[in-house]
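Colleague: attaching a predicted model along with its sequence, questions to come.
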Amino acid sequence: MTNKTIFKIPDAPQETPKTEDLDIEFTNQKEKWLYDEIIKEAAYIENKIRSGEQLSKKERKIVRSQISNRLNLNDSYITHRRFPCVHQEIESQNARLEELYCTIQKVRNDKNHKKSLTQMTKADLISEVRRLQKQISDFDHELIALQVTKIIDSGLVSIQHRAGLNTLNQRLENEKLIRQIADLIEVRHALEEELSQEIDRRRMLEIELIKLRGKSQVSTLYPPEVD
């Protein structure tokens, strides 16, 4: 007998953590400002996730350029070499937010799948199909963006190499992009499979509805005899 995994949604934090409470020695004031914005943005996205909003891949992650824009900083200034801890914090928060979002979605899907076929209305199934189609579309756009970024970064690597600069960090970034692309392709395949299952369920429901209509017409044509 296979044990079914039970997903539990992590408890929400009592309050948003402050940079003063973190065991971090900031090298300068700008680094502290960046941490402040990252923590605020993470709390904002987490609240949206916990409220049950359907968020695209981009909407549920902290984007470094958006953080720098709020602080009137040039995004190219916030390099991995200059602020390695800031980059690590963004990656850590994004991983945590993604895990939280996936857990909540799995719990929600488990609850939905507990509905029997007769309980699922046609409107429910149509809504679910549209939701999955939107998710696939969002992942397609994210995949294209990552592929374009990878091509651009590959060009930057050669320019830096000709200039005699260190390309190790750039190669690591490219490898990370390749892994992200592979992950997105895998998730897209899973979404397509889920969408196919929902379409099959919709067809089954339509068949059930046709059968029910047929029984209703027969009972109208041949009402039961009264003694």
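Modeller: Looks like it came in fine.

Colleague: which sections of the protein are below the confidence cut-off?
Modeller: Applying pLDDT under 70 to the chain flags residues 1-25, 109-122, 124-126, 128-129, 132, 139-187, 213-227.

Colleague: how is it partitioned into domains?
Modeller: Following automatic domain parsing, one finds the domains of the chain at 16-114, 116-221.

Colleague: what about E59, how many neighbours?
Modeller: The local packing of E59 (other Cβ atoms under 10 Å) involves 14 other residues. Where C-beta positions appear, they are placed from N, C-alpha and C, glycine not excepted.

Colleague: and it, how far from D138?
Modeller: 8 Å (Cβ to Cβ, to the nearest Å).

Colleague: please state the backbone phi and psi of V63?
Modeller: phi -100, psi 120 (degrees, to the nearest 10).

Colleague: offset the numbering so it begins at 15, please.
Modeller: That works, and once the first residue is 15, the last one we named lands at V77.

Colleague: so who does it touch?
Modeller: Contacts for V77 (Cβ atoms under 8 Å, 6 or more residues apart in numbering) come out as none.

Colleague: how close does it get to Q107?
Modeller: 11 Å.

Colleague: now do A57
Modeller: 10 Å.

Colleague: can you give me the helices in this structure?
Modeller: 43-64, 78-84, 98-127, 136-176, 182-235 (DSSP state H).

Colleague: who does the first one touch, helix- and strand-wise?
Modeller: Helix 43-64 makes packing contacts with helix 78-84, helix 98-127 when contacts are defined by 3 or more Cβ pairs under 8 Å, 6 or more residues apart in numbering; DSSP states H and E.

Colleague: and these: which comes nearest F40?
Modeller: helix 98-127 (8.7 Å; Cβ to Cβ).

Colleague: before we move on, the earlier item: so between A57 and Q107, which is more surrounded?
Modeller: Q107 (19 against 15).

Colleague: quick one, what contacts that one?
Modeller: I52, A56, I76.

Colleague: try 10 Å
Modeller: By Cβ atoms under 10 Å, 6 or more residues apart in numbering, Q107 lies in contact with I52, I53, E55, A56, A57, I59, E60, K75, I76.
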